[in-house]
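Chemist: Generate coordinates for the sequence data below:
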Amino acid sequence: MIAVLSAIKCHDVTQIRFWVMDEPKGIYWEKIKPLVEVCTFQEPDLRALKNQTAQFKATHLKDYMEWNILAIHGGLFLDLDTISVKDSTHWSTNNKDLFVSLDVEDAVSNPFPYNNAVVMAKAESWIVKKIRYYSRSLMNQSEITWGLTGPILLSIMTEMSSGSATSPDHSVFCPFGGNEISQIYEENPKLELPPDTEIIHLYAKSSEMFEKVDATFVRNSESLLARTIRAILPISDWNVSEWDEQKYLLSRGQHYAGLFRAIRSHKPKIILEIGTSAGDTAVGMIRTAAKLVPDAEIVYWGVDLFENGSEEVWSEEFTGGYKPPKLGVVYDKIKRETWVKVKLIASNSNHLTAKDFHDMGTPNLIYIDGGHSLATIRHDWLLAEELAGPSTVIVFDDYFEEMPFIGCKQIVDAINPILYQVTISSELDDYAHSFGRLRTKLVTVTKNMVGLRGDIGPTGRINSPAATEHSDPAETTYHSWAKDIMNKVRSNDEK
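Modeler: Residues are numbered from 1 along each chain as shown. From the prediction side, this is the model:
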């Protein structure tokens, strides 16, 4: 995607062809498909590719097709691991049939210094036709050496071209040679491109970082690569990323799987999250929902203290020292990574009432993951009850089985089963802490319509001990390592 967008941005061209055997799929392809002319071809029957690895076949089939394309059409040919920085089409004004890029800084001592990742040729030129002829002959042999139809053949033919082929200085097309390109990925804000750089060849297999370049990398990295992309393309171009649920679960914990199951089941259009934090889960919820409903219809509201918190509140809510970023930072993140309507409220959720959410509408999903004190979670639950519609799903994080004096366990266990269907996730995570392990699960709650037959009191709430009584933490037996924590946080229970 970056290769195509940067080529469109930088080069003085009127037509861009994208050659494929099978049309790609996914968000990156959807971004560039309207901008290119898609040209398809069938895989030819070539002896040299028999019983070879997929990587070997792809590389040498690309070489084979490159020479066929250039011999017929001419033009500037770019591999998909290139980034254009400046216009290179000006080279076509010189009286040369072929322009090639250097693969290494020292072109004298290397026997095959030229690379076919960046090649510009005149249509129907004799030298390109000659390269095509030899390429076809080589590919019909029973076996070939790696790179024979690419850098090796190109280097030999360039030297034999009698002046019909030329190469600009190394830094014009490929500013770093071979494996040296790896430095472009380093978090080095002082590294700069040579001023005459026109195209960067990233040498995809020279660095393990190549596969890790995504919107998050471009947005946050101070590497030369990320800074170059940001300088060339606007945010709206490169800020495209695939939501990877498994990657999220591996980094955050498997118990969050229940949250995404709830989203897939209920297909929410209005999402309320109490405890937005840095916005990572918000992005995940929105991106998951956007696969099921039009993203233009999705509304996200998020509540957190953001910069309005204090050391006293962090301590009362047992945050473990974590403090959320500023509201503006989180808002920008969610807007960059999603395309939905977003509203963030910087407030202690204890201070909010249903009136503060009047403009939101009835949420389809409410995710409670804010403060950890019983008083705060009890308030958040009562607020969610008031905001919820008949089909709203309410999801609790922080169901601490071994530490019920914090987290949602006491509140969840007291929910009236006549009114609500309560499901505690089977997945659990054990997080290591200095006091011992913090074992947690996730809970989903939906309204049980048969509960409407229960004993409704004058306030509209079920008259049931389970709905009104809460066990006293002092009456519970705890693990020895949890007693000190209990004493520290119990003072906040009734605040």
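
Chemist: For the rest of this, base every contact and every neighbour count on C-alpha atoms.
Modeler: Will do.

Chemist: Excluding residues flanking it in the chain, which one is nearest W67?
Modeler: Nearest residue to W67, sequence neighbours excluded (CA to CA, 6 or more residues apart in numbering): R132, at 5.0 Å.

Chemist: Buried ones in the helix or strand encompassing the one you found, by neighbour count?
Modeler: Using DSSP states H and E, R132 falls within helix 126-139. In terms of neighbour count (16 or more other CA atoms under 10 Å), helix 126-139 has its buried residues at 127-129, 131-132, 134-136, 138-139.

Chemist: Equivalent analysis for stretch 99-117, please.
Modeler: For stretch 99-117, by 16+ other CA under 10 Å, it's 99-105, 112-117.

Chemist: can you give me the offset of that stretch from its chain's centre?
Modeler: With CA atoms, centre = their mean, to the nearest Å as the basis, stretch 99-117 stands 35 Å off its chain's centre.

Chemist: Quote the end-to-end distance of that stretch.
Modeler: 11 Å (CA to CA, to the nearest Å).

Chemist: What are the contacting residues of that stretch?
Modeler: Defining contact as CA atoms under 8 Å, 6 or more residues apart in numbering, one finds that stretch 99-117 is touched by 63, 77-79, 82, 91, 118-121, 150-152, 154-156, 165-170, 173-174, 176-178, 201.

Chemist: What about the residues you listed, which are in helices?
Modeler: The members of the contacts of stretch 99-117 that map onto helices under DSSP state H are 63, 154-156, 170, 173.

Chemist: For those, give me TSV that also has neighbour count.
Modeler: Putting the ones in helices among the contacts of stretch 99-117 into TSV (neighbours: other CA atoms under 10 Å) gives the following:
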residue	neighbour count
D63	23
L154	23
S155	22
I156	15
H170	20
F173	28
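
Chemist: closest to R230 among the buried residues of stretch 99-117?
Modeler: A117 (22.7 Å; CA to CA).

Chemist: okay, the closest one: pLDDT?
Modeler: Here, the pLDDT recorded for A117 equals 94.

Chemist: and what of the one 10 residues further on?
Modeler: Residue-level confidence at I127 comes out at 95, pLDDT.

Chemist: do V450 as well
Modeler: Looking at V450, its pLDDT is 62.

Chemist: Rebuild the buried residues of helix 126-139 as JSON lines, extending it with distance to D369.
Modeler: JSON lines is the format used below for these (distance: CA to CA, whole Å):
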{"residue": "I127", "distance to D369": "66"}
{"residue": "V128", "distance to D369": "63"}
{"residue": "K129", "distance to D369": "65"}
{"residue": "I131", "distance to D369": "63"}
{"residue": "R132", "distance to D369": "62"}
{"residue": "Y134", "distance to D369": "65"}
{"residue": "S135", "distance to D369": "61"}
{"residue": "R136", "distance to D369": "62"}
{"residue": "L138", "distance to D369": "62"}
{"residue": "M139", "distance to D369": "60"}
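
Chemist: show me what contacts the residue nearest to W67?
Modeler: Going by CA under 8 Å, 6+ apart, R132 touches 64, 67-68, 71.

Chemist: secondary structure class for the closest residue to F217 other than its chain neighbours?
Modeler: Leaving aside its chain neighbours, F217 sits nearest to A226 (7.0 Å; criterion: CA to CA, 6+ apart). With DSSP: H, G, I helix; E, B strand; the rest coil as the basis, A226 sits in helix.

Chemist: Let me know how buried A226 is, in neighbour terms.
Modeler: Residues near A226, counting by other CA atoms under 10 Å, number 22.

Chemist: where does the stretch 301-450 of the chain dip in pLDDT?
Modeler: 314, 317, 319-322, 434-435, 450 (pLDDT under 70).

Chemist: any idea where the strands of it begin and end?
Modeler: Assigned by DSSP state E, counting those that start in this stretch, the strands in the stretch 301-450 of the chain fall at 341-346, 365-368, 393-400, 420-424, 429-433, 436-447.

Chemist: Mind putting those into CSV with distance to R287 and mean neighbour count?
Modeler: Below are the strands of the stretch 301-450 of the chain laid out as CSV (distance: least, CA to CA, whole Å; neighbours: other CA atoms under 10 Å):
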stretch, distance to R287, mean neighbour count
strand 341-346, 13, 16
strand 365-368, 14, 26
strand 393-400, 17, 24
strand 420-424, 24, 16
strand 429-433, 23, 12
strand 436-447, 20, 20
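
Chemist: Now tabulate those strands in a markdown table and tack on distance to E211.
Modeler: Shown next, in a markdown table, are those (distance: least, CA to CA, whole Å):
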| stretch | distance to E211 |
| --- | --- |
| strand 341-346 | 31 |
| strand 365-368 | 33 |
| strand 393-400 | 33 |
| strand 420-424 | 37 |
| strand 429-433 | 29 |
| strand 436-447 | 33 |
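
Chemist: how about the residue nearest the centre of the chain, what does it touch?
Modeler: Central residue of the chain (CA atoms, centre = their mean): S241, 4.2 Å from the mean position. By CA under 8 Å, 6+ apart, S241 lies in contact with 27-28, 214-216, 337.

Chemist: Same list (those residues) but as JSON lines, adding distance to A262.
Modeler: Converted to JSON lines, the contacts of S241 look like this (distance: CA to CA, whole Å):
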{"residue": "I27", "distance to A262": "24"}
{"residue": "Y28", "distance to A262": "27"}
{"residue": "D214", "distance to A262": "27"}
{"residue": "A215", "distance to A262": "27"}
{"residue": "T216", "distance to A262": "26"}
{"residue": "E337", "distance to A262": "21"}
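
Chemist: Among these, which one is most surrounded by other residues?
Modeler: E337 (22 neighbours).

Chemist: in the stretch 201-350 of the chain, which spans are helices?
Modeler: All helices of the stretch 201-350 of the chain, identified by DSSP state H, counting those that start in this stretch, fall at 215-220, 224-232, 235-238, 245-252, 257-266, 280-290, 311-316, 327-337.

Chemist: I meant to write the stretch 1-150 of the chain there.
Modeler: So, for the stretch 1-150 of the chain - with DSSP H, counting those that start in this stretch - the helices run 2-10, 27-32, 54-73, 126-139.

Chemist: what residues does the shortest one touch?
Modeler: When contacts are taken as CA under 8 Å, 6+ apart, the neighbours of helix 27-32 outside the stretch itself are 1, 4-5, 240-242.

Chemist: closest to Y185 among these?
Modeler: M1 (18.0 Å).

Chemist: dump the residue contacts of that closest one.
Modeler: For M1, the contact set (CA under 8 Å, 6+ apart) comprises 28-29, 31-32.
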